[in-house]
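Student: take this sequence and fold it.
(chains A and B)
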Amino acid sequence: MFSRDTWKEIFETIRKNKLRTFLTGFTVALGIFIYVVLFGMGNGLKNTFAKFFNDDAQNVFFVFPGRTTVPFKGYKANRRIEFENDDLVDIAENFPMFLEYITPRISRGASVTYKEESDNYTTRAVAPAHLFAEKTIIMKGRYLNETDIIQKTKYAVIGRLVEQDLFKGEESIGKFIDVSGSVFKVIGVFQDDGGDNEERNIYIPYTTRQLIEKNNDKIDQIILAFKPEIGYAGAMAFEGKLDKFIRNKKIISPSDPNGIFIRNVADQFKQNQQFAGVLQTIISIIAFAVIISGMIGIGNIMVFMVKERTKEIGIRKALGATPRRVTNGVIFEAIFITTISGFVGLLIGIFVLRSIGGKTLEDDYFITNPEINITNAIFVTILLIVFGAAAGYLPARRAAKIKPIVALRDE
Amino acid sequence: MIEIKDLHKSYKMGSNSLHVLKGINFSVEDGELVAIMGSSGSGKSTLLNILGMLDEADEGEYTLDNVPIKNLSETKAAQYRNKFLGFVFQSFNLINYKSAMENVALPLYYQRVARKERTEKALQYLERVGLREWATHLPSELSGGQKQRVAIARAMAAEPKVLLADEPTGALDSTTSYEVMDLIQKINDEGNTILVVTHEEDIAHMCKRIVHLKDGVIVEDKKVKQVRAAEYVQ
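Tutor: Numbers count the residues shown, from 1 in each chain, chains lettered A, B, ... in the order given. Below you'll find the predicted structure:
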């Protein structure tokens, strides 16, 4: 059945019927190609969504103070809420079950100078735990530590791009920079996956910032992380309790939408992942529909082919071709063409995915690293081959059943 | 070689049934050259198709080379056709994307003859019909007479017991017709059994025996003195 002769006969038929071969092959290759590209784009979208959140830790709440809009317990509306250092202590003491770490963040723009070089950057006055919340990666030197906080040291940890801009390749560790009039010593350089802007930040101890600002104890925002083991439900419960606790302490009405804000990264991440998942599902369905229409395409071409070859098949049968050999001839031809063109489509699809992935696509269309799992792609290709063969089987059966007398009469 | 007893065949045409063969009794000896004659609708092609196992009789017996041909499966029929029969058609029925040589080799492919041997044999048979130098040409590059000679070479390549020719000259002018008949006569001279369906008197008289069919029965079956086609061929 699989003799060399059978294949030679099939190759000959393929070679001498180029248009037919091309049409079948093209349908299959196009189907696989579109599938691979669409699926890859879907994955790219998902990657982008994941990346938005990859910048920061995912078990983190950002707490911002606002302005009240509802009068409450004798206080008028439009009161500005402020956080102080003792809020950090209170939260840590009241939620030991949930809390993993807590850090303040005070952001200030600053003009930073080293020798002749000068530029504007954002300084973030933080506690050591901020390292985890922001997923900061230390390249050299060290991050801020507890001693820095207690002693209110004038130490700075600068971003990779800050070092690049100001030091021009010179070693920065141990050098002194001028930050809006105060002199800080560079103790570390960091990088961050969050992009260029993240790497233009400068971290200093929050106590030092408070000292510079007339020795106050004000905090812009509080960043805290829950223990990952409490899970999503635990995080949601923690958020509720924390909200209640702060409203109680700061005397804000429970119904005031603007007194404080808690940004729950875990919740947002989950929602966005769900959204990306839905998108991915829709794209998968479209891609699968393309595959189905590819199958139907093959079936159509096979039906057409058998019709076109009715006479030839009749001749072959008159010359002694058994029904089995007729069926095999048609099916093997279908399998051969679908296999070759399926993999051609697959390779072109993967090649296109590889070559379109890039900065423009990422920035303008939110598609990062479009990719397709190779197992998935090969599975779909094989699926198409199998269904292509199945689609070829019915017309092949019909071809085998053609009575030579009928076929030969067909002028 | 061929033995037929009381053969009946009817075709259903909607609600009517058309009785085409109404009891044919007929036998052919080894080495005969028989013309089956009749006007259109007389049942001559139907008879040939049944003889060729391309169609099945409703009733009656058919024995070919002492093998009863009855209730054959498709596969069996294909094998018998391949082993026993060679076909020549009015419209040549060559496969248009295969060269003359490949067309001739096709029945050998279905006999599972090795490729090299197939090519050798095909060239040998093309030589016999005088078309060796046309071996690599496609049917579209051949004249009608040449096509029919390729078809005859193809029919002979499988070395069948019986050669069945359905109006072999029907699509050819008279000069070419005589050339083809000359070839058929030569093949018959070598001892091959041949049945020719025709409605042309002159072609029929180039055979050794004429069977006249009319309205599904044999009305006349006579031996004739063969006219050699070679006399008309320059």
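
Student: from now on I want contacts and neighbour counts done on CA atoms only, so please keep to that.
Tutor: Noted.

Student: and the residue nearest the centre of chain B, bridged to which residues?
Tutor: Central residue of chain B (C-alpha atoms, centre = their mean): residue B:164, 1.7 Å from the mean position. In this structure, residue B:164 bridges to residue B:87, residue B:195 when assessed by DSSP bridges.

Student: just checking, it touches residue B:188?
Tutor: No: taking contacts as C-alpha atoms under 8 Å, residue B:164 lies outside contact range of residue B:188: 12.0 Å.

Student: buried set for the longest helix anywhere in chain B?
Tutor: Looking across chain B with DSSP state H, the single longest helix is helix B:174-189. Neighbour counts over helix B:174-189 (16 or more other C-alpha atoms under 10 Å in any protein chain shown) mark B:176-185, B:187-188 as buried.

Student: with stretch A:174-192 instead?
Tutor: Neighbour-count burial for stretch A:174-192 flags A:176-179, A:183-192 (criterion: 16+ other C-alpha under 10 Å).

Student: now that stretch: average pLDDT?
Tutor: Averaging pLDDT along stretch A:174-192 gives 87.

Student: and for stretch B:194-204?
Tutor: Throughout stretch B:194-204, pLDDT has a mean value of 90.

Student: which residues touch it?
Tutor: B:31-40, B:44-45, B:48, B:162-168, B:170, B:178, B:181, B:188, B:210 (C-alpha atoms under 8 Å, 6 or more residues apart in numbering or on different chains).

Student: ok, now stretch A:205-216?
Tutor: Residues outside stretch A:205-216 that contact it (C-alpha under 8 Å, 6+ apart) are A:104-106, A:124-127, A:144, A:148-150, A:152-156, A:217-218.

Student: likewise for stretch A:255-270?
Tutor: Against stretch A:255-270 from outside (C-alpha under 8 Å, 6+ apart): A:50, A:53, A:58-70, A:81, A:232, A:235-236, A:239, A:243, A:247, A:252-253.

Student: helix or strand: which one has residue B:202?
Tutor: Using DSSP states H and E, residue B:202 maps to helix B:201-204.

Student: chain center to that helix, what's the gap?
Tutor: In terms of C-alpha atoms, centre = their mean, to the nearest Å, the centre of helix B:201-204 is set 16 Å apart from its chain centre.

Student: quick one: low-confidence residue ranges for chain B.
Tutor: Along chain B, the parts satisfying pLDDT under 70 run over B:234.

Student: mind listing the strands for it?
Tutor: Assigned by DSSP state E, the strands in chain B fall at B:2-13, B:16-28, B:33-37, B:59-64, B:67-68, B:85-88, B:162-166, B:193-198, B:209-214, B:217-223.

Student: direction included, what does the fifth one pair up with?
Tutor: The reference is to strand B:67-68. Strand pairing for strand B:67-68, using DSSP bridges, gives strand B:59-64 (antiparallel).

Student: so for the strand it pairs with, what gets flagged as buried?
Tutor: Using 16+ other C-alpha under 10 Å as the burial criterion, the residues of strand B:59-64 that qualify are B:59, B:61-64.

Student: cool, and stretch B:213-233?
Tutor: B:213-218, B:221, B:227-229.

Student: rewinding a little: just flag the most distant two among the buried residues of helix B:174-189.
Tutor: Spatially, the most separated pair among the buried residues of helix B:174-189 is B:176 and B:188, at 18.4 Å (C-alpha to C-alpha).

Student: where in chain A is pLDDT low?
Tutor: In the predicted model of chain A, residues A:1-3, A:51-57, A:357-368, A:407, A:409-411 satisfy pLDDT under 70.

Student: residue of it nearest chain B, please.
Tutor: Residue nearest to chain B within chain A: residue A:320 (4.1 Å; C-alpha to the nearest C-alpha).

Student: burial measure for residue A:381, as a count.
Tutor: Using other C-alpha atoms under 10 Å in any protein chain shown, residue A:381 is surrounded by 27 other residues.

Student: in which helix or strand does it reside?
Tutor: Using DSSP H and E, residue A:381 sits within helix A:374-401.

Student: over to residue A:26?
Tutor: helix A:18-54.

Student: now the element after that helix, going C-ward?
Tutor: Using DSSP H and E, the next helix or strand after helix A:18-54 towards the C-terminus is strand A:60-65.

Student: kindly list the longest helix within chain A.
Tutor: helix A:265-308.

Student: what does the helix or strand just after that one contact?
Tutor: Sequence-wise, the next helix or strand downstream of helix A:265-308 (DSSP H and E) is helix A:310-318. If you take C-alpha under 8 Å, 6+ apart as the criterion, helix A:310-318 is touched by A:323, A:326, A:399-400, A:402-408, A:410, B:54, B:78, B:81-82, B:87, B:93-95, B:106-107.

Student: is it correct that residue A:172 falls within a helix?
Tutor: No: according to DSSP: H, G, I helix; E, B strand; the rest coil, residue A:172 belongs to no helix; its state is coil.

Student: ramachandran angles for it?
Tutor: phi -100, psi -30 (degrees, to the nearest 10).

Student: hang on, isn't it packed against residue A:186?
Tutor: Yes: counting by C-alpha under 8 Å, residue A:172 touches residue A:186, with 6.5 Å between them.

Student: just the strands from the stretch 51-200 of chain A, written as ranges.
Tutor: Using DSSP state E, counting those that start in this stretch, the strands of the stretch 51-200 of chain A run over A:60-65, A:83-84, A:99-114, A:117-126, A:137-141, A:155-159, A:176-179, A:182-191.

Student: which parts of stretch B:160-171 are buried?
Tutor: B:160-171.

Student: same question, stretch A:21-39
Tutor: Residues A:21, A:24-39 are the ones in stretch A:21-39 that count as buried (16+ other C-alpha under 10 Å).

Student: could you list the alpha-carbon positions for it in PDB?
Tutor: Extracted in PDB, the C-alpha atoms of stretch A:21-39 (Å, rounded to 0.1, in the frame of the first residue of the first chain):
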ATOM      1  CA  THR A  21      -2.300  21.200  -5.900                       C
ATOM      2  CA  PHE A  22      -1.700  24.900  -5.400                       C
ATOM      3  CA  LEU A  23      -5.300  25.600  -4.600                       C
ATOM      4  CA  THR A  24      -5.500  22.800  -2.000                       C
ATOM      5  CA  GLY A  25      -2.100  23.700  -0.600                       C
ATOM      6  CA  PHE A  26      -2.900  27.400  -0.500                       C
ATOM      7  CA  THR A  27      -6.100  26.900   1.500                       C
ATOM      8  CA  VAL A  28      -4.400  24.800   4.100                       C
ATOM      9  CA  ALA A  29      -1.300  27.000   4.400                       C
ATOM     10  CA  LEU A  30      -3.500  30.100   4.700                       C
ATOM     11  CA  GLY A  31      -5.700  28.500   7.300                       C
ATOM     12  CA  ILE A  32      -2.700  27.500   9.500                       C
ATOM     13  CA  PHE A  33      -1.000  30.800   8.800                       C
ATOM     14  CA  ILE A  34      -4.000  32.800  10.000                       C
ATOM     15  CA  TYR A  35      -4.500  30.600  13.000                       C
ATOM     16  CA  VAL A  36      -0.900  30.900  14.100                       C
ATOM     17  CA  VAL A  37      -0.800  34.700  13.600                       C
ATOM     18  CA  LEU A  38      -4.200  35.300  15.300                       C
ATOM     19  CA  PHE A  39      -3.300  33.000  18.200                       C
END
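
Student: interface residues of chain A facing chain B?
Tutor: Residues of chain A lying close to chain B (C-alpha under 8 Å from any C-alpha of the partner chain) are A:5, A:16-17, A:312, A:315-324, A:403-405, A:408.

Student: hmm, which of the residues you listed are the buried ones?
Tutor: With neighbours counted by 16+ other C-alpha under 10 Å, the residues of chain A next to chain B contain buried members at A:312, A:315-323, A:403-405, A:408.

Student: from the buried residues of stretch A:174-192, which two are the most distant?
Tutor: Those two in these that are separated most widely, counting by C-alpha to C-alpha, are A:183 and A:192, at 24.6 Å.

Student: nearest to residue A:304, out of the buried residues of stretch B:213-233: which one, please.
Tutor: residue B:216 (37.6 Å).

Student: so what's residue 100 up against?
Tutor: All of this is about chain A. So residue A:100 contacts A:224-227 (C-alpha under 8 Å, 6+ apart).

Student: my question was about chain B, not that one.
Tutor: Applying C-alpha under 8 Å, 6+ apart to residue B:100 gives the contacts B:134-139, B:150.
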